[in-house]
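A.B. asks: No sequence on hand, only this structure:
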């Protein structure tokens, strides 16, 4: 994308885990930033250096944020408030400040004392892996990137950020933060909670039974363990910051599960067959919208 | 495996869906049967013929079962009783009769009037796809194949069946049928029920919300839809035939989920972090035992 070339003078990524390091890789690959800075904890800085992901590396915001025209928070949501205190004194007022957190309602509040163009965002992409080694430049390709600009957001700043993510290969859309949090509660937070929960049920089984569940996991359980291997800190913060929508989704899920439980108890085969048939249609819609992983629908054991 | 060459004179597969057609493919590839027969419904017979999977094809058991030294039922469990009535008069008394069903406790009862070496079995392998086109010879490679021979089973017959599946590349083990049903309730039946349930929760959402859940499914929900796209008839029969163990597993799961719900409601971040951390260990055990899909742990969006 020609328009994308060197779109920003200096980009600072705060945090360089799966998402941050994927952003670093695609920024480099497509030459979208003149200078790329990364802020990380001391032990991670060394790994980012080995990977050659950044032009400038530091453990301190004050070293690299001044002069940056784009700052992206790629740390767990629980860190935002303390980051905001530090950012307030070093960020330029005409810089764009965004994040990649999975909950959006809390972001504006957490960053309210920072004078900059605050435009929260969320890429709908990820894997269960963590750390700077786990990222890759194609992570965002064909995936959605949701922006939740506040009502008074600067139109040009939103456009510029949207163009950047489009240059990443993502499909960019915008919606109100509270709506984002409701949708993601269903599509992401609830599935993760359920996966964590069923794997935890296995953790609590007696030793021999647990060994057998692991040995025979290829029959379904395995897919849940992959989701339940996601980063614990990130997910703790998600649930603490999207409580209401998650509890509401959980309520709906529990009611539906109880219906299936009843159908099993009363041997209602017709009811079971009906539910199991209509859920297939949803899978087809996802494939139609190219939000699946094509290799998964080929041979697979 | 040299010993495997032409191990059986005539093998009849009753049903040629994902599992049946995978067995047909590996039998052919490794030349394990002199003659391979398939019994299917009229419309499927034509597809099996096009695929060239069998030496002899019929819609009737009486055409191909006489003379077979191995008969494998690869149809949903709900069909076993009526199949047993037909089999009783045509199967040879020294033939081995086995199946591939996901529940084992009910099999001996369903087949009690058939005079043959009845050795129920269950390959712990599969995909969400159905039909003769979806099978492949490598499906069983490195996967477990559980046999649940009755206490008075013929030792030589069990050995012969075990050798066959070993020749498929599977790891063969034996256990009592009721134990199998308890383990599989946790490792397979419960995960499928939960996946069906959460996808059904999405089916019931208002139209626009449902469209958004589909669009943003890459954030977790997608993995559940793959499981919830499994064959409805097969899974209806699983739940109708393993009621007690599934309801018991569901009870444990619900209790654990309620604990997480409580932790969210009371903002107990420590509890959430603890649970999300210990579930990671289970994933590592699965990888250690090579029961995962290695490609899944590479780059993945």
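C.D. replies: That came through, no problem. The structure presented is a predicted model; accordingly, all values stated were derived computationally and were not measured.

A.B. asks: got a pLDDT number for residue A:205?
C.D. replies: Looking at residue A:205, its pLDDT stands at 88.

A.B. asks: Please determine how far it is located from residue A:240.
C.D. replies: Distance, residue A:205 to residue A:240, using Cβ to Cβ, to the nearest Å: 28 Å. All C-beta atoms are positioned from the backbone trio N, CA, C, and that covers glycine.

A.B. asks: Next: residue A:228.
C.D. replies: In terms of Cβ to Cβ, residue A:228 sits 18 Å off from residue A:240.

A.B. asks: And these two? Which one has more around it.
C.D. replies: The neighbour comparison of residue A:228 against residue A:240 (other Cβ atoms under 10 Å in any protein chain shown) goes to residue A:228, with 28 against 19.

A.B. asks: Now for that one: which residues touch it?
C.D. replies: Each residue near residue A:228 by Cβ atoms under 8 Å, 6 or more residues apart in numbering or on different chains is listed here: A:192, A:195, A:196, A:198, A:199, A:200, B:276, B:279, B:280, B:282, B:283.

A.B. asks: can you tell me which of those lies nearest to residue B:267?
C.D. replies: residue B:276 (15.0 Å; Cβ to Cβ).

A.B. asks: Show me what counts as buried in stretch A:65-75.
C.D. replies: Within stretch A:65-75, the residues scored as buried using 16 or more other Cβ atoms under 10 Å in any protein chain shown are A:65, A:68, A:69, A:70, A:71, A:72, A:73, A:74, A:75.

A.B. asks: Provide the backbone phi and psi angles at the nearest residue to the last one once chain neighbours are set aside.
C.D. replies: Put plainly, it is residue A:75. Distances taken as Cβ to Cβ, 6 or more residues apart in numbering or on different chains place residue A:15 nearest to residue A:75, at 3.7 Å, with adjacent residues excluded. Main-chain dihedrals, residue A:15, degrees, to the nearest 10: phi 100, psi 130.

A.B. asks: do you know how far residue A:15 is from chain B?
C.D. replies: 18 Å (Cβ to the nearest Cβ, to the nearest Å).

A.B. asks: residues near that residue, how many?
C.D. replies: 24.

A.B. asks: so it makes contact with residue A:77?
C.D. replies: No - at 11.2 Å, residue A:15 and residue A:77 do not qualify as touching, with contact defined as Cβ atoms under 8 Å.

A.B. asks: In chain A, which residue is most central in space?
C.D. replies: residue A:102 (5.0 Å; Cα atoms, centre = their mean).

A.B. asks: Tabulate the buried residues of stretch A:65-75 in TSV, adding columns for distance to residue A:42, pLDDT and secondary structure.
C.D. replies: Below are those laid out as TSV (distance: Cβ to Cβ, whole Å; pLDDT from 0 to 100; DSSP: H, G, I helix; E, B strand; the rest coil):
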residue	distance to residue A:42	pLDDT	secondary structure
A:65	18	98	coil
A:68	21	98	coil
A:69	26	97	coil
A:70	24	98	strand
A:71	20	98	strand
A:72	21	98	strand
A:73	19	98	strand
A:74	17	98	coil
A:75	15	96	coil
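
A.B. asks: Can you name the two of those that sit furthest apart?
C.D. replies: A:69 and A:75 (20.1 Å).

A.B. asks: tell me the contacts of the residue nearest to residue A:75?
C.D. replies: By Cβ under 8 Å, 6+ apart, the contact list for residue A:15 reads A:39, A:40, A:73, A:74, A:75, A:79.

A.B. asks: chain center to the longest helix anywhere in chain A, what's the gap?
C.D. replies: If you go by DSSP state H, chain A has its longest helix at helix A:243-265. Here helix A:243-265 is found 25 Å from its chain centre; the criterion is Cα atoms, centre = their mean, to the nearest Å.

A.B. asks: how about it: buried residues?
C.D. replies: A:243, A:245-246, A:249-250, A:252-254, A:256-257, A:260-261, A:263-264.

A.B. asks: Up against chain B, what does the stretch 51-200 of chain A have?
C.D. replies: For the stretch 51-200 of chain A, the residues in contact with chain B (Cβ under 8 Å from any Cβ of the partner chain) are A:78, A:102, A:124-129, A:136, A:138-141, A:143-144, A:146, A:182-184, A:186-200.

A.B. asks: Now go through these and say which are in strands.
C.D. replies: A:144, A:146 (DSSP state E).

A.B. asks: Now intersect the residues of the stretch 51-200 of chain A next to chain B with the helices, please.
C.D. replies: A:182-184, A:190-200.

A.B. asks: related to what we said a few turns ago, can you list the buried residues of stretch A:65-75 in a markdown table and add distance to residue B:27?
C.D. replies: Output for the buried residues of stretch A:65-75, formatted as a markdown table (distance: Cβ to Cβ, whole Å):
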| residue | distance to residue B:27 |
| --- | --- |
| A:65 | 65 |
| A:68 | 64 |
| A:69 | 65 |
| A:70 | 60 |
| A:71 | 61 |
| A:72 | 56 |
| A:73 | 57 |
| A:74 | 52 |
| A:75 | 55 |
